[in-house]
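**Student:** Mind folding the following:
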Amino acid sequence: MKETFNVKIIDITGKKGYNEYLHKCLAPMPFRKYKCRQEYLEKAVPRRLRKKLLIVDGAVVGTIEYGPVESCGYPISGEHVIVMNCVWVLRKAKMHGFGRLLVEHMVKSERNADGFATIAWENHWSPWFRKDQIERLGFRSVDSIDVVHKTKRKGHIFKVHLMWMPTAERAKAPNWNKQELLQGETFCMAHPLYRPQKWKGKILGAKQKGLAGLN
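**Tutor:** Take a look at the predicted model:
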């Protein structure tokens, strides 16, 4: 017998009462505002960043964050491109297609976009944003770089992919700034590529041929 759920997706961007979810994701971390996230939101929200929650039977079990390239947290560029910062469904709510539901909602909400971009990885120790997961949501890899993390599992090489899902015939694949990617991310403390505020310089080292100068 097929299960039925009461499912809602709500936009919490700029709405009162959702600060905890706007300033952090669903990671089991104490809620606190931190400088880099606050600065990011102040710049990104006016540029149409969107943060949405998936609520199933009254409980928050998923989230998606996305916006135009000028609002995104990754060094991705392109024309008429929407970048997905994050999509996450809690483990207890998996196997019901909720991740695809969130992505389909994003696509329907951004009808004027030519395509959607994000990042993913292979051989990374985090279960979050794996390439095979993102491929199942409709994306494909258009470029990649081999890197190591300078503070975690030193020497462990993993691959970061630029992922792309075109939705218009005229769509042109996005570009990314690999040198800036090596700086890591600061828009989310739970992000696997997060660079601590006290860390100086690049948090990632490039291992791809021809990029030695980016380390």
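**Student:** Just give the closest residue to K178, not the sequence neighbours.
**Tutor:** I145 (5.3 Å; Cβ to Cβ, 6 or more residues apart in numbering). In this view, the C-beta of every residue, glycine as well, is placed from N, C-alpha and C.
**Student:** starting at the chain centroid, how far to the longest helix along the chain?
**Tutor:** Of all the elements of type helix in the chain, the one with the most residues (DSSP state H) is helix 98-109. How far helix 98-109 lies from its chain's middle: 14 Å, per Cα atoms, centre = their mean, to the nearest Å.
**Student:** how far does stretch 96-115 stretch from start to finish?
**Tutor:** 25 Å (Cα to Cα, to the nearest Å).
**Student:** avg pLDDT for that stretch?
**Tutor:** Across stretch 96-115, pLDDT averages out at 96.
**Student:** One more: stretch 76-92?
**Tutor:** Taken as a whole, stretch 76-92 has a mean pLDDT of 95.
**Student:** what's the answer for stretch 127-145, then?
**Tutor:** Stretch 127-145 carries an average pLDDT of 96.
**Student:** What residues sit buried inside it?
**Tutor:** W128, F129, R130, K131, I134, L137, G138, F139, S141, S144, I145 (16 or more other Cβ atoms under 10 Å).
**Student:** what's the answer for stretch 38-45, then?
**Tutor:** Buried residues in stretch 38-45 (16+ other Cβ under 10 Å): Y40, L41, A44, V45.
**Student:** does the nearest residue to the first one once chain neighbours are set aside sit in a helix or strand, and which one?
**Tutor:** When you say that, I think you mean Y40. Excluding the flanking residues, the one nearest Y40 by Cβ to Cβ, 6+ apart is F187, at 4.4 Å. Using DSSP states H and E, F187 maps to neither a helix nor a strand.
**Student:** E39 is in contact with F187, correct?
**Tutor:** No. In this structure, F187 is not within contact of E39 by Cβ atoms under 8 Å, at 9.1 Å.
**Student:** picking that back up, tabulate the buried residues of stretch 38-45 in a markdown table, adding columns for pLDDT and distance to I10.
**Tutor:** Shown next, in a markdown table, are the buried residues of stretch 38-45 (pLDDT from 0 to 100; distance: Cβ to Cβ, whole Å):
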| residue | pLDDT | distance to I10 |
| --- | --- | --- |
| Y40 | 94 | 21 |
| L41 | 94 | 18 |
| A44 | 96 | 19 |
| V45 | 95 | 16 |
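**Student:** Filter those residues down to just the ones in helices.
**Tutor:** Y40, L41, A44.
**Student:** what about the residue nearest to K178, which SS state?
**Tutor:** strand (DSSP: H, G, I helix; E, B strand; the rest coil).
**Student:** which one of the ones in helices among the buried residues of stretch 38-45 is nearest H124?
**Tutor:** Y40 (22.5 Å; Cβ to Cβ).
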